[in-house]
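A.B. asks: This is the structure alone, sequence omitted:
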């Protein structure tokens, strides 16, 4: 007895919604409410429904386009990854269309919808802010690779650096210099920030410094780093070292320290993450963690081409090692 493959009509009937609504959900449309989306996804899982990507590719010719959505166009790190994406895509006979989510999940979802309407052959999401459930729903419709965020989904691939290992290297370096009061400016639990914060806290605990763990909410932007550093300065209880979730935010933290008349590294050691081009030429050359950004972009395209061109469906999750780069913004703590 042959088993009938469930269709979009079956999902609609099980969820009690229209066929068009199911189609919108499977396309990752931002116009669908969370309750309706959850009902459709639950029905699809119960029925074992998966959009037939092979059949879809037979209906239309390949567009020869990969869509790439960057979390933030202002962050040079994403530009470096995009260089790797464009280089690898070009070598593979594809064009990369770049868009931005502006660190806003709803705008990111809108960019995804646009690229789906343009019938891109695959998507690469750089540092996505969307909920993982929505990303997973999109991957059911189109080959998809997530960059810079831990993903366990079987529906997509991912490439990232080992954020926890990078954070541990930062803490190890600062402890070796003699620091105990090491604070961390993070950008919330989503994406790379969550892994970096976890790596910082675990490393502090490993060194027996859990009583000195101090995590302050900032953002992935200069303004976010500046505001978080100002809040620490205003408490009058400034740590001897601060590890910031990325270089862009570290630039803002550096400005806040300078405005308060505090010197780096004489008064406070400062460390960033990403090794963007401006970290070399900042007011003080920034100690940071380098990611293999161009290679990450190349790997993302390679994974996407395996899915699009070779029909691979098994998920691959690639983790690349980071590298600590010591410059002039860290030194032994001054006696207080």
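C.D. replies: Perfect, I can see it now. Please read these numbers as outputs of a predicted model, since none were measured by experiment.

A.B. asks: residue contacts, residue 77?
C.D. replies: 246-248, 274, 276, 291, 293 (C-beta atoms under 8 Å, 6 or more residues apart in numbering). The way it works is simple: take the backbone N, C-alpha and C, and place the C-beta from them, glycine included.

A.B. asks: what about 7 Å?
C.D. replies: Residue 77 makes contact with 274, 276, 293, according to C-beta atoms under 7 Å, 6 or more residues apart in numbering.

A.B. asks: now residue 260
C.D. replies: So residue 260 contacts residue 233 (C-beta under 7 Å, 6+ apart).

A.B. asks: For it, grab phi and psi.
C.D. replies: phi -90, psi 0 (degrees, to the nearest 10).

A.B. asks: Repeat that for the one 3 residues further on.
C.D. replies: With angles defined as degrees, to the nearest 10, residue 263 sits at phi -100, psi 150.

A.B. asks: any idea how far it is from residue 284?
C.D. replies: 9 Å (C-beta to C-beta, to the nearest Å).

A.B. asks: Need the buried ones from the contacts of residue 77 selected in PyMOL.
C.D. replies: This is the PyMOL syntax for the buried subset of these, where burial follows 16 or more other C-beta atoms under 10 Å:
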select buried, resi 274+276+293
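
A.B. asks: more crowded one of residue 263 and residue 284?
C.D. replies: Between residue 263 and residue 284, counted using other C-beta atoms under 10 Å, residue 284 has the larger neighbour count: 18 against 11.

A.B. asks: helix or strand for that one, which one?
C.D. replies: Taking DSSP states H and E as the definition, residue 284 sits outside all helices and strands.

A.B. asks: How about residue 327?
C.D. replies: Applying DSSP H and E, one finds residue 327 in no helix or strand.

A.B. asks: what's near enough to touch it?
C.D. replies: 285-287.

A.B. asks: Hmm, residue 96 is touching residue 84, no?
C.D. replies: No. Using C-beta atoms under 7 Å as the test, residue 96 is too far from residue 84 to be in contact (10.2 Å).

A.B. asks: Point out where the stretch 201-336 of the chain drops to low pLDDT.
C.D. replies: 336 (pLDDT under 70).

A.B. asks: Show me the helices in it, by range?
C.D. replies: Secondary structure of the stretch 201-336 of the chain (DSSP state H, counting those that start in this stretch): helices at 222-235, 247-259, 293-310.

A.B. asks: now the ones you listed in JSON lines, with distance to residue 44?
C.D. replies: Output for the helices of the stretch 201-336 of the chain, formatted as JSON lines (distance: least, C-beta to C-beta, whole Å):
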{"stretch": "helix 222-235", "distance to residue 44": "37"}
{"stretch": "helix 247-259", "distance to residue 44": "39"}
{"stretch": "helix 293-310", "distance to residue 44": "20"}
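
A.B. asks: tell me the domain ranges of this structure?
C.D. replies: Domains of the chain are assigned by automatic domain parsing as 1-49, 163-291.

A.B. asks: Compute the inter-axis angle for whichever strand or helix holds residue 88 and helix 247-259.
C.D. replies: Using DSSP H and E, residue 88 sits in helix 76-91. With axes from the mean of the first three to the mean of the last three C-alpha atoms, to 10 degrees defining the directions, helix 76-91 sits at 160 degrees from helix 247-259.

A.B. asks: Centre of the chain to helix 76-91, how far?
C.D. replies: Relative to its chain's centre, helix 76-91 lies at 15 Å (C-alpha atoms, centre = their mean, to the nearest Å).

A.B. asks: so residue 95 makes contact with residue 64?
C.D. replies: Yes. Counting by C-beta under 7 Å, residue 64 is a contact partner of residue 95 at 6.2 Å.
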